[in-house]
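Enquirer: I would like to see how this sequence folds:
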Amino acid sequence: MLRRLACLTAALAALTVNPTAATDFNTLGSDYNAVAQVQATDDVSHDTTQQQQSTTGSATQTTHIQYSIRNGDVSSIGVNLGSWLVAEHWMTSAADFWQGVSDEDAGKGEYTAITKASDPDTIRSNLDYHHSTFITEKDIAEIAAAGLNTVRVPVGYWIVGFDNDDPSGQAAWAQYSNGTLKYLDALVTNWANKHNIAVLFSLHAAKGSQNGADHSSPCDPGNSHWSAYDENVANTVSLATFLADRYKDEDAFLGIGLLNEPNASTDEDKLYAYYEKAYAAIRTLSDCVLSVAPLLYKQSPDVMTDFMQAPAYTNVWVEWHPYFVWGYESTSEYDLTNTAVKTNFQNSVSQWNARENHNRLFIGEWSFATAGKFGDDQEGYYEFCKAMVDVMYQAGGGFTFWSWRLYGDESGFNAWSLRSVLRDTRLKSIFFPNAAQS
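Expert: Numbers count the residues shown, from 1 in each chain. I've put the predicted structure just below:
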């Protein structure tokens, strides 16, 4: 998720855009023994409205919506819980856990912020407070009440609280805040179950880093070492298997995004071999959804077309992250809407959907953010947003908006915050077109 770089001028200057010839839209975009239950900070009741035709559930129905999504009867209409369990400075810069850390170090991710801090224990303590307050049951209730049915949750490899694939003995995982697994437990076993929300994990921060970006919390910022060492790949298989095993019997558990935005020096052959190995390990436990992503700069309808196909493989989604920010700085508003979205993005999704026996397409990340476009042209902006939404609903697996909330979005408008977006009644009707027509 390179989205956070939109807020960092210095980082943007260093960003390399890698469009492909096949795609004109820019895809840059993220203690097993202690099973603690987190008590909800707010006991919120809600009346879930069927806002999408066959896309949202109701707290009163007997079968959890997750099963309908997994079976392909319903598409995910959801949102990311970004910067909750994997912190991103651009989304949470006002949080206490960044205090005493330079903006430069904070912008490199959690690992650098903690290890460069003069008092790492204070940062860890403040991070734990953030974990307990940034997303609570109240948020899940509001997400359900809005008409959504899915949350995508970024997690880091350290969440399990151990590393059995660490021949060097460096124990980098131990630098992080301990005990975050209890929040994932609360989400899956309690909040999402109660409010009929499906949960999809995203392996955002793999050991060694799969992209070198801040949202993967790299030990060596800017560099990807995930595929360079077998121990890193083995650790990621263990992480995915651990999560599948832990939550396989939970109604709200939808599945796992096996690796978020692999990029940089990640070896493609090793990436695909990892997907196969993780699939084989998880299928001994669960038939949950497993999403696979191509290298970030290769997101296109011509990539992964014959990879892990049905019927030999089941419940495999292919994940894209189309953002219309980076690489569009010089694009006119007209071309952004009519060429980038209505033509190029539409054609890419249509081409994918036209393939026989293809795995469902899942748009795991996207937003209404632009590179400073539209200004006072509100109608033009609404047209752009509607064009995006029209295509998003064509993805067979559905979509999850980036993200639910940011620090400071309690008022005003922020195109990265869905709870902010939905306060605009026009955008809400655009986001939920079926509800607007009913």
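
Enquirer: buried ones in the helix or strand hosting residue 122?
Expert: Using DSSP states H and E, residue 122 falls within helix 120-134. Within helix 120-134, the residues that count as buried by 16 or more other C-beta atoms under 10 Å are 120, 123-124, 126-128, 130-132, 134. The C-beta positions use only the backbone N, C-alpha and C, and glycine is treated the same way.

Enquirer: same thing with stretch 176-184?
Expert: 176-178, 180-184.

Enquirer: still on that earlier bit, show me which of the buried residues of helix 120-134 is closest to residue 258.
Expert: residue 131 (23.4 Å; C-beta to C-beta).

Enquirer: which SS class is residue 105?
Expert: helix (DSSP: H, G, I helix; E, B strand; the rest coil).

Enquirer: helices and strands of the chain: which one bottoms out on pLDDT?
Expert: One helix or strand of the chain scores below all others by mean pLDDT, DSSP states H and E: helix 9-14, with a mean of 33.

Enquirer: right, and the helix or strand after it?
Expert: Next element after helix 9-14 (DSSP H and E): helix 65-71.

Enquirer: what is the mean pLDDT for that next one?
Expert: In this model, helix 65-71 carries a mean pLDDT of 98.

Enquirer: could you do stretch 109-119 as well?
Expert: For stretch 109-119, the mean pLDDT works out to 94.

Enquirer: ditto for stretch 124-141
Expert: 98.

Enquirer: go on, stretch 255-269?
Expert: Rounded to a whole number, the mean pLDDT of stretch 255-269 is 97.

Enquirer: that one: how far from the chain's middle?
Expert: Stretch 255-269 sits 13 Å away from the centroid of its parent chain (C-alpha atoms, centre = their mean, to the nearest Å).

Enquirer: again, but for stretch 236-249
Expert: 18 Å.

Enquirer: may I have the phi/psi pair for residue 361?
Expert: phi -90, psi 130 (degrees, to the nearest 10).

Enquirer: who are the contact partners of the nearest residue to it once chain neighbours are set aside?
Expert: With sequence-adjacent residues excluded and distances taken as C-beta to C-beta, 6 or more residues apart in numbering, residue 361 is closest to residue 395, at 4.5 Å. By C-beta atoms under 8 Å, 6 or more residues apart in numbering, the contact set of residue 395 is 75, 349, 360-363.

Enquirer: and these, which of them are in helices?
Expert: Residues of the contacts of residue 395 located in helices (DSSP state H): residue 349.

Enquirer: of the contacts of residue 395, closest to residue 201?
Expert: Of the contacts of residue 395, the one sitting nearest to residue 201 (C-beta to C-beta) turns out to be residue 362, at 13.3 Å.
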